[in-house]
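Participant: got a sequence here, can you build the structure:
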Amino acid sequence: MSVMESDRVPAAADEPKASKSARGGVRIRGNYVPYVLIAPAVVVLVGVLAYPLVDLFVLAFQNVNDYLHLSAPSLVKFIGFDGFTKVLSSAEFWQATERTVLFTLEVVTASIVLALLFGLLLQRVSNWAKVTVVTSLMFVWAIPQIVTGTVFRWLFANTGGVVDYLLYRITGNTGWRTHDWFADSNQGLYVVVALAVLWGALPFLVIGLNAALTQVPKELVEASKLDGANGWQTFRHVVLPVIKPFLVLCTALSFIWDFQVFGQIWALRQNSPEEGYRVLGIYLYQQGLGSSHYSTSAVISILMILLMLAVLIFYIRQVIKIGEQD
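Facilitator: Numbers count the residues shown, from 1 in each chain. Now for the predicted structure:
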């Protein structure tokens, strides 16, 4: 017995040390914790994006086209900022930029306003109606852009189009039966294409803003009503400040998505958009793959990135201000 007891004593004495070593490991405290947690994501992003971005910038300072790339690679050389000068002095580039900015402002404004209205409406309907609407929105969100563009081309066709037929039945004007929505590029771009982009953008915005609206404390809304505030005043002074962070995020993301619009236009114009539909995404594709001006397309890509970075900087500043207020 004494031998067995003597054997057990050291084991009991060593037990705390074993458990302590099992709990051991690298512990990081203080201000370094956020950086360590985000480091894996940064490493992955750098690994995926570093080579394409570096190659893009190198290509922008060269004179690469299809002929030089395939037939005479020895003639490829660095031309400095000549490519940027060529693009920035091109009237086509500035027309495409103006067209893109106007289109983006129109669609972003319309999508945010409509998403807010639909989000507020979902707060007032029954649960089964909300589930039905959200399910339908998720289905719309899952449809590819090319499919959406093809469907809208059928809807707005000047021969047998559903929209033309409905307008004819409502107004009685026979001119609507064969109305060509795409003959005027302004009508085609700022009406038909804008509706197609809105159709694909609204599901995410409506679902997201509806979720943000559920975070508004009901006590604050009831207190504002007791103080005599009407519906608009309650929304402006109570609801809007609560959902502002997500609203800013939605606006920034919508700008980035709509600024790069391509698929809907490409499908609506059957793979050959006219000049009036040439936004920056279409212009970039036509210069790069259509005309094989690879260096020129690289310059356009960098300029698009810089324009979107300006919006992202504004978004980040707004997020910082909201965080400081909280």
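Participant: residue 82 and residue 62, how far apart?
Facilitator: For residue 82, the distance to residue 62 equals 10 Å [C-beta to C-beta, to the nearest Å]. For the C-beta atoms, the positions are set from N, CA and C on the backbone; glycine is no exception.
Participant: neighbour count: these two, which is higher?
Facilitator: residue 62 (19 against 14; other C-beta atoms under 10 Å).
Participant: residue ranges with poor pLDDT in the protein?
Facilitator: 1-30, 66-72, 322-326 (pLDDT under 70).
Participant: which residue ranges make up each domain of it?
Facilitator: 2-60, 83-325 (automatic domain parsing).
Participant: and those, which is most packed in?
Facilitator: Comparing those by mean neighbour count (mean count of other C-beta atoms under 10 Å), domain 83-325 comes out on top with a mean of 16.
Participant: off-centre distance for that one?
Facilitator: 9 Å (C-alpha atoms, centre = their mean, to the nearest Å).
Participant: who does the host helix or strand of residue 116 touch, helix- and strand-wise?
Facilitator: If you go by DSSP states H and E, residue 116 is part of helix 91-122. In terms of contacts (3 or more C-beta pairs under 8 Å, 6 or more residues apart in numbering; DSSP states H and E), helix 91-122 is packed against helix 127-142, helix 194-213, helix 240-259, helix 280-285.
Participant: packing partners for the second one?
Facilitator: Right, helix 194-213. Using 3+ C-beta pairs under 8 Å, 6+ apart, helix 194-213 sits against helix 91-122, helix 127-142, helix 145-155, helix 240-259, helix 263-268.
Participant: got JSON lines for the helices and strands packed on helix 91-122, with distance to residue 95 too?
Facilitator: Converted to JSON lines, the helices and strands packed on helix 91-122 look like this (distance: least, C-beta to C-beta, whole Å):
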{"stretch": "helix 127-142", "distance to residue 95": "32"}
{"stretch": "helix 194-213", "distance to residue 95": "18"}
{"stretch": "helix 240-259", "distance to residue 95": "16"}
{"stretch": "helix 280-285", "distance to residue 95": "9"}
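Participant: relative to residue 161, which of those is closest?
Facilitator: Among the helices and strands packed on helix 91-122, the nearest to residue 161 by C-beta to C-beta is helix 194-213 (13.2 Å).
Participant: what's the angle between that closest one and helix 127-142?
Facilitator: Comparing the axes of helix 194-213 and helix 127-142 via axes from the mean of the first three to the mean of the last three C-alpha atoms, to 10 degrees yields an angle of 130 degrees.
Participant: thinking again about what came up before, JSON lines please, covering the helices and strands packed on helix 194-213 and showing distance to residue 193.
Facilitator: Putting those into JSON lines (distance: least, C-beta to C-beta, whole Å) gives the following:
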{"stretch": "helix 91-122", "distance to residue 193": "7"}
{"stretch": "helix 127-142", "distance to residue 193": "17"}
{"stretch": "helix 145-155", "distance to residue 193": "8"}
{"stretch": "helix 240-259", "distance to residue 193": "10"}
{"stretch": "helix 263-268", "distance to residue 193": "6"}
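Participant: let's have the domains of the chain in a markdown table, adding distance to residue 77.
Facilitator: Listed next are the domains of the chain as a markdown table, based on distance: least, C-beta to C-beta, whole Å:
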| stretch | distance to residue 77 |
| --- | --- |
| domain 2-60 | 12 |
| domain 83-325 | 11 |
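Participant: now for these, which one comes closest to residue 75?
Facilitator: domain 83-325 (12.7 Å).
Participant: re the thing from before, any idea of the angle the helix holding residue 116 forms with helix 240-259?
Facilitator: Using the same axes, to 10 degrees: helix 91-122 against helix 240-259 is 140 degrees.
Participant: so residue 293 makes contact with residue 65?
Facilitator: Yes. If you go by C-beta atoms under 8 Å, residue 293 and residue 65 touch, sitting 5.6 Å apart.
Participant: can you say which of the helices and strands packed on helix 194-213 is nearest to residue 300?
Facilitator: It's helix 91-122; of the helices and strands packed on helix 194-213, that one is closest to residue 300 (C-beta to C-beta) at 7.1 Å.
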